[in-house]
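>>> Structure of the sequence below:
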Amino acid sequence: MLDAPNSIKLVTGNSHRHLADLISALVGIPVAKVGAFQYQNNETAVAIGESVRDEDVYVIQTGCGENEVNDFLMELLLILNACRSGGARRITAVIPNFPYARQDKKDRSRAPVTAKLIANLLQTAGCNHVITLDLHASQIQGFFRVPVDNLYAEPSVLRYIKENFSHEQMIIVSPDAGGAKRVASIADKLDVQFALIHKERQKANEVSKMVLVGDVSNKVCLLIDDMADTCGTLCKAADVLLANGAQKVIAIVTHGIFSGNAIERLNNSKLSRIICTNSIPLEDKLAACPKLELLDISPTLAEAIKRLHNGESVSYLFDNVP
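Predicted coordinates for the structure are as follows:
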């Protein structure tokens, strides 16, 4: 439990109320009354129904939704600003899936660095601290002038793998070269081999060619990635691995965005299972995809909130599951 439970407030918008309730139960603090709604002209409005003066406020809001991601971002900004106007002592944004994280660099002429813009908006709205999970690009932390704690799903993933898979049969696979460091870290801690797939894109969200680097013969392949959007990469990677002699392929991802016809692709794919954290609400996807399985990340987020509030180190969570 917290040392000073009366000086903290948990606040959430409409993006992922279930996750906020899970965190609330673990922290031992009820979620504060907040009204977040849209007027008929689609303008967003918020109203916080409790005093936050001189409180340590944690605003839980994730970036998600095919059509709602911008609405939820606006909700977050308005809630942060309402807390600052209400005299909160410190305001921490808990954003499990950071919106626009893939737009972290200027990759063509006259393109914005949108992740930097989001960082500026959060700080302008009143954010004093950020807690997030598996940032797509760790340099996004440098876009902020306030502290950013980038937590990792890796400890939870490691525990899941140890409890569910045989050490001798498995191999860890990265679906692209960018995830090689993440996969190598997991493989080292499990003392197993790893492989990677080199992919070439003709345009965004469309893979044209894949080449396997490594031997996956007679192995259970665990495809590890930070996010799954259209799932084209995961499905094609499964085809490549099975064509190279793999027994079966299981995907483990942190952020299950699953936009467009991703669920249909997964159902028709050769993937045996898809394990995904609940950083994004997936209740409707669970019903539509029997291959999908959720990994609860709320203990890590709740422990981070408790440690931050009590002035303790958060780095413990980089290697341990609460």
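>>> The stretch 1-150 of the chain: strands as residue ranges?
Read by DSSP state E, counting those that start in this stretch, the stretch 1-150 of the chain holds these strands, from start to end of the chain: 8-12, 34-38, 44-48, 56-60, 90-95, 129-133, 148-151.
>>> Any chance of a markdown table for those, columns distance to V173?
(C-beta placed from N, C-alpha, C; glycine too.) Formatted as a markdown table, the strands of the stretch 1-150 of the chain follow (distance: least, Cβ to Cβ, whole Å):
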| stretch | distance to V173 |
| --- | --- |
| strand 8-12 | 36 |
| strand 34-38 | 40 |
| strand 44-48 | 41 |
| strand 56-60 | 33 |
| strand 90-95 | 28 |
| strand 129-133 | 22 |
| strand 148-151 | 24 |
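>>> so where's the stretch 101-250 of the chain uncertain?
Along the stretch 101-250 of the chain, segments meeting pLDDT under 70 span 200-208.
>>> The same query, at a cut-off of 90, please.
Residue ranges of the stretch 101-250 of the chain with pLDDT under 90: 107-108, 137-138, 166-169, 176-181, 198-211, 213, 232-233.
>>> Helices of that one, residue ranges please.
114-125, 154-164, 180-190, 232-243 (DSSP state H, counting those that start in this stretch).
>>> can you list contacts of the second one?
What it means is helix 154-164. Here helix 154-164 makes contact (Cβ atoms under 8 Å, 6 or more residues apart in numbering) with 170, 182, 185-186, 189-190, 222, 224, 252, 275, 277, 295-297, 300, 317-321.
>>> Which parts of it count as buried, going by neighbours?
Of the residues in helix 154-164, E154, P155, S156, V157, L158, Y160, I161 count as buried by neighbour count, 16 or more other Cβ atoms under 10 Å.
>>> Likewise for the last one?
Buried positions in helix 232-243, judged by neighbour count with 16+ other Cβ under 10 Å: G232, T233, L234, C235, K236, A237, A238, V240, L241, L242.
>>> helices or strands up against it?
Contacts defined by 3 or more Cβ pairs under 8 Å, 6 or more residues apart in numbering; DSSP states H and E place helix 232-243 against strand 194-203, strand 206-213, strand 220-228, strand 248-256, helix 262-268.
>>> repeat for the third one
Helix 180-190 makes packing contacts with helix 154-164, strand 170-174, strand 194-203, strand 220-228 when contacts are defined by 3+ Cβ pairs under 8 Å, 6+ apart.
>>> Nearest to A288, out of those?
The closest approach between A288 and any of these, judged by Cβ to Cβ, belongs to strand 220-228 at 14.6 Å.
>>> Given that closest one, what are its sheet partners and their directions?
Take DSSP bridges as the rule and strand 220-228 pairs in its sheet with strand 170-174 (parallel), strand 248-256 (parallel).
>>> So what's the gap between it and the chain middle?
Put simply, strand 220-228 sits 14 Å off its chain's centre (Cα atoms, centre = their mean, to the nearest Å).
>>> Same question for stretch 236-245.
26 Å.
>>> got the domain boundaries for the protein?
By the assignment in automatic domain parsing, the chain contains the domains 5-153+298-318, 154-295.
>>> circling back to that earlier point, same list (the buried residues of helix 154-164) but as CSV, adding distance to R102.
As requested, the buried residues of helix 154-164 are exported to CSV (distance: Cβ to Cβ, whole Å):
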residue, distance to R102
E154, 20
P155, 24
S156, 23
V157, 21
L158, 25
Y160, 25
I161, 26
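>>> I29: which of the residues you listed is nearest?
Among the buried residues of helix 154-164, and counting by Cβ to Cβ, the member closest to I29 is S156, at 22.5 Å.
>>> Would you check how far apart the closest one and C64 are?
Distance, S156 to C64, by Cβ to Cβ, to the nearest Å: 19 Å.
>>> One more: N310?
29 Å.
>>> Could you check which of these two is surrounded by more residues?
Legend: neighbour count by other Cβ atoms under 10 Å for N310 and C64, higher for C64 (22 against 11).
>>> who touches that one in this structure?
By Cβ under 8 Å, 6+ apart, the residues touching C64 are S15, H16, F72, N97, I257, I280, P281.
>>> is it true that the last one touches L19?
It refers to P281. Yes: with contact defined as Cβ atoms under 8 Å, P281 and L19 form a contacting pair (7.3 Å).
>>> what sits in contact with each of those two?
Each of T62 lies in contact with both P281 and L19 under the rule Cβ under 8 Å, 6+ apart.
>>> residues near V314, how many?
When neighbours are counted by other Cβ under 10 Å, V314 registers 17.
>>> How about R102?
Burial of R102 is recorded as 15 neighbouring residues (other Cβ under 10 Å).
>>> could you list every residue that touches it?
A115, H136, A137.
>>> Quick one: which of those is the most crowded by neighbours?
Ranking these using other Cβ under 10 Å puts A115 first, with 21 neighbours.
>>> Pretty sure that one sits against Y100.
Yes: using Cβ under 8 Å, A115 is in contact with Y100, at 5.3 Å.
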